[in-house]
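> sequence and predicted structure below; questions after.
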Amino acid sequence: MNFANSRAMLKEEFLKGITNFDNHRHLLWEALEKTTGDIVECGVGMGSTPFLAQYCKDAGRKLFSYENNLEWFEKCRHFHGNVFHITDWNVVAEKHLTPSVLFLDEAPGEHRKIFLDLFKLRARIIVAHDTEPAADHGYQMRQHIPLFKYWKDFESEGAWASIASNFIDIR
């Protein structure tokens, strides 16, 4: 990945090469552009961490990335200085009371519903991956739609992503 360091990241660069694996980038871009504060990434990966890191570097924003899988942590730790290996997701909730953007792509996927509920009145915008109805038997995130004033799905063949907020109209 080669982004120019002399200017802010362009939308085209952020969205380049998206697949079902990383279709959440459409909604992450929207969330980043509608907020100004800290970004918290739960679950690192090649489809989010390098893009978020470059965007935040260019925009002068803070990014905090958390991962409980040591292999993924090792793959992504070099993208920025705030990538942490954790064994308990509660660390995130204790350290980040009101993030501007909370990205949920952590494992186990069943944990994402917990953070949807916990951060519904704390995060300005939440982006969650794997929100398609077919995955709901395990992840159970769709039952949380009524907890948010605003909710929008990004539907693609296979995995879906969703953006939610009680503060910012993202529809």
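Nice, thanks for sending it over.
> report the buried residues of the lengthiest helix in the chain.
Looking across the chain with DSSP state H, the single longest helix is helix 49-59. Buried residues in helix 49-59, counted by 16 or more other Cβ atoms under 10 Å: 49-58. C-beta here means a position set from N, CA and C on the backbone, and glycine is covered the same way.
> and which of those residues is nearest to residue 14?
residue 51 (5.5 Å; Cβ to Cβ).
> residue contacts, residue 103?
Residues near residue 103 by Cβ atoms under 8 Å, 6 or more residues apart in numbering: 24, 28, 31, 39-43, 48, 52, 126-129.
> can you put those residues in CSV and add distance to residue 15, pLDDT and secondary structure?
Below are those laid out as CSV (distance: Cβ to Cβ, whole Å; pLDDT from 0 to 100; DSSP: H, G, I helix; E, B strand; the rest coil):
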residue, distance to residue 15, pLDDT, secondary structure
24, 11, 96, coil
28, 9, 98, helix
31, 13, 98, helix
39, 17, 98, strand
40, 21, 98, strand
41, 17, 98, strand
42, 21, 98, strand
43, 20, 98, coil
48, 12, 98, coil
52, 13, 98, helix
126, 20, 98, strand
127, 14, 98, strand
128, 18, 98, strand
129, 15, 96, strand
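> let's have these in a markdown table, adding distance to residue 149.
Formatted as a markdown table, the contacts of residue 103 follow (distance: Cβ to Cβ, whole Å):
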| residue | distance to residue 149 |
| --- | --- |
| 24 | 21 |
| 28 | 20 |
| 31 | 15 |
| 39 | 21 |
| 40 | 21 |
| 41 | 23 |
| 42 | 22 |
| 43 | 25 |
| 48 | 25 |
| 52 | 25 |
| 126 | 12 |
| 127 | 16 |
| 128 | 16 |
| 129 | 21 |
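> filter those down to the buried ones, PyMOL style.
Here is the PyMOL command that picks out the buried ones among the contacts of residue 103, judged by 16+ other Cβ under 10 Å:
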select buried, resi 24+28+31+39+40+41+42+43+48+52+126+127+128+129
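> coming back round to it: contact partners of the helix or strand just after the longest helix of the chain?
Sequence order places strand 63-67 as the next helix or strand after helix 49-59, per DSSP states H and E. Strand 63-67 has contacts (Cβ under 8 Å, 6+ apart) with 38-44, 49, 52-53, 56, 73, 76, 79-80, 82-86, 89, 91-92, 95-96, 106.
> send me whatever helix or strand comes next after strand 63-67 as PDB with only the CA atoms.
Next helix or strand after strand 63-67 toward the C-terminus (DSSP H and E): helix 70-76. Below are the C-alpha coordinates for helix 70-76, written out as PDB (Å, rounded to 0.1, in the frame of the first residue of the first chain):
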ATOM      1  CA  LEU A  70      -1.900 -13.000  18.400                       C
ATOM      2  CA  GLU A  71      -1.400 -13.900  14.700                       C
ATOM      3  CA  TRP A  72      -3.500 -11.000  13.500                       C
ATOM      4  CA  PHE A  73      -1.900  -8.600  16.000                       C
ATOM      5  CA  GLU A  74       1.500  -9.500  14.700                       C
ATOM      6  CA  LYS A  75       0.400  -9.000  11.100                       C
ATOM      7  CA  CYS A  76      -1.000  -5.500  11.800                       C
END
